[in-house]
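Novice: 3D model of this:
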Amino acid sequence: MKVLTPDTTVSEGPDRMMVEHHLSIVRLVLPKGFTIKRHRSSMTVTVVAIKGSVQFHTDDDVTTLVPGKAVVMQPGEFHWLEAPDEAGQVMVVHGVLAE
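Specialist: Here you go, the predicted model:
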């Protein structure tokens, strides 16, 4: 078992809690007004809100993530995040899922 602890000094951007070949877990801190630009991943991406409110965008949709709400994307799907109204934090898991 691994216990992952957030780096409380991270006040903006990624807190890379674990990075391995086929799995990464990142706490992403978005201050009010902050945007993570449009990008995609070669892995499945799960984003779970843990604090505040974050706008999660795909080319076709916008979802407001609040604590406990999550989205799951397939590899290659473009997405971006922003915190236009208040600061927010999400946990982002990039992984290769077993079939």
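
Novice: What segments of this protein are strands?
Specialist: For the chain, the strands defined by DSSP state E cover 13-20, 23-30, 35-39, 44-52, 54-58, 62-65, 70-73, 79-82, 88-95.

Novice: Just the buried positions in stretch 31-43, please.
Specialist: Within stretch 31-43, the residues scored as buried using 16 or more other Cβ atoms under 10 Å are F34, I36, S41, M43. Where C-beta positions appear, they are placed from N, C-alpha and C, glycine not excepted.

Novice: hang on, the earlier thing: to L4, which of the strands of the chain lies closest?
Specialist: strand 13-20 (4.3 Å; Cβ to Cβ).

Novice: The closest one - contacts with which helices or strands?
Specialist: Counting contacts by 3 or more Cβ pairs under 8 Å, 6 or more residues apart in numbering; DSSP states H and E, strand 13-20 is packed against strand 23-30.

Novice: what comes into contact with the strand it packs on?
Specialist: Residues outside strand 23-30 that contact it (Cβ atoms under 8 Å, 6 or more residues apart in numbering): 4, 6-7, 10-19, 36, 50, 52, 54, 81-83, 87-96.

Novice: follow-up on the earlier one: go through the buried residues of stretch 31-43 and say which is closest to G76.
Specialist: Minimum distance to G76 across those is 7.7 Å, recorded for S41 (Cβ to Cβ).

Novice: Tell me how far that closest one lies from G95.
Specialist: The gap separating S41 from G95 is 10 Å, by Cβ to Cβ, to the nearest Å.

Novice: How about M73?
Specialist: Distance, M73 to G95, by Cβ to Cβ: 12 Å.

Novice: who has more neighbours, the two?
Specialist: Taking other Cβ atoms under 10 Å, M73 and G95 do not tie; M73 has more neighbours (18 against 15).
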